[in-house]
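**Q** here is my input; please provide its structure:
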Amino acid sequence: MKAYDRLPRTLARNAARMARRDGALDRMSGRDTRDAGVFNAMTGPVTPPRTCSPVVAWLTGCAATALTGYWATGVADLAGGQSEPLGFLAVLAGALPGALAYAALVAFLTAIPMPLLVLAERAAHWRRGASDFLTAALMGAVLAQLFGWPVLDGPRGIAMTLFAAFSGGVGGLAYWLAAGRPGPCRGDGEIGLGRAQA
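**A** Below you'll find the model as predicted:
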């Protein structure tokens, strides 16, 4: 006897119809495993996020870092007194090749360190997302120091280092989102619901 047989007639019909619909949806989505109906009844359907390959996610993070710098160019132009829309667009169009070159530079500089940092995050079971943001921000600040914006140069150096850290953090967050919001492993090789491992 099913649990919904004890319900009033109208509610029992609705419950039976919903159970058939859920079963059909589970079969269509490939989630028709044993106890899937019980699990869905307790938690609702869980749709795993769409993920891309880790390399594509990393390139997405590099592009996000470069676009953050590109965006800053436009904001700096507006803050400098640019009030003409065509002049603003001309500045942005002129900065686009530089943004593409910057994305390639970020990809080159992070090709080895970022996979190592991601492996360290996985091994330490850190909370992903926040750790992706922070490690990429730290890498942005370190790379800013290596390429001539030292903190010791005063306020301008500090501002450039903080911006490099922010743009690196945006890239790390974009990587995490593009990779399908990976979470830490539970230790048995399983991943939390609604998460993907990248």
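**Q** which positions in the helix or strand harbouring residue 62 come out as buried?
**A** Here residue 62 sits within helix 54-79, counting by DSSP states H and E. For helix 54-79, the neighbour count (16 or more other CB atoms under 10 Å) marks 54, 57-70, 73, 77 as buried. Every C-beta, even on glycine, is put in place using the N, C-alpha and C of the backbone.
**Q** so which elements touch whichever helix or strand comes after it?
**A** Going down the chain from helix 54-79, the next helix or strand is helix 85-110, by DSSP H and E. Contact here means 3 or more CB pairs under 8 Å, 6 or more residues apart in numbering; DSSP states H and E; on that basis helix 85-110 packs against helix 54-79.
**Q** pLDDT on the helix it packs on, on average?
**A** Average pLDDT, helix 54-79: 82.
**Q** I'd like to know which elements it is packed against.
**A** helix 85-110, helix 113-124, helix 130-146, helix 155-178.
**Q** take those and write them to TSV, including mean neighbour count and distance to residue 18.
**A** Output for these, formatted as TSV (neighbours: other CB atoms under 10 Å; distance: least, CB to CB, whole Å):
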stretch	mean neighbour count	distance to residue 18
helix 85-110	14	48
helix 113-124	15	39
helix 130-146	20	38
helix 155-178	20	33
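**Q** out of the ones you listed, nearest to residue 19?
**A** With CB to CB as the measure, helix 155-178 is the member of these nearest residue 19 (34.9 Å).
**Q** CA atoms only for that closest one, dumped as CSV, please.
**A** What follows is helix 155-178, C-alpha atoms only, in CSV (Å, rounded to 0.1, in the frame of the first residue of the first chain):
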residue,chain,number,x,y,z
PRO,A,155,50.0,54.9,-2.7
ARG,A,156,50.2,54.3,-6.5
GLY,A,157,52.0,51.0,-6.0
ILE,A,158,49.6,50.0,-3.3
ALA,A,159,46.6,50.9,-5.5
MET,A,160,47.9,49.0,-8.5
THR,A,161,48.7,45.9,-6.3
LEU,A,162,45.2,46.0,-4.8
PHE,A,163,43.7,46.3,-8.3
ALA,A,164,45.8,43.4,-9.6
ALA,A,165,44.7,41.3,-6.6
PHE,A,166,41.0,42.2,-7.3
SER,A,167,41.3,41.4,-11.0
GLY,A,168,43.0,38.1,-10.1
GLY,A,169,40.2,37.3,-7.7
VAL,A,170,37.6,38.0,-10.3
GLY,A,171,39.4,35.6,-12.6
GLY,A,172,39.5,33.0,-9.8
LEU,A,173,35.8,33.4,-9.2
ALA,A,174,35.1,33.2,-13.0
TYR,A,175,37.1,30.0,-13.1
TRP,A,176,35.1,28.5,-10.2
LEU,A,177,31.8,29.4,-11.9
ALA,A,178,32.8,28.2,-15.3
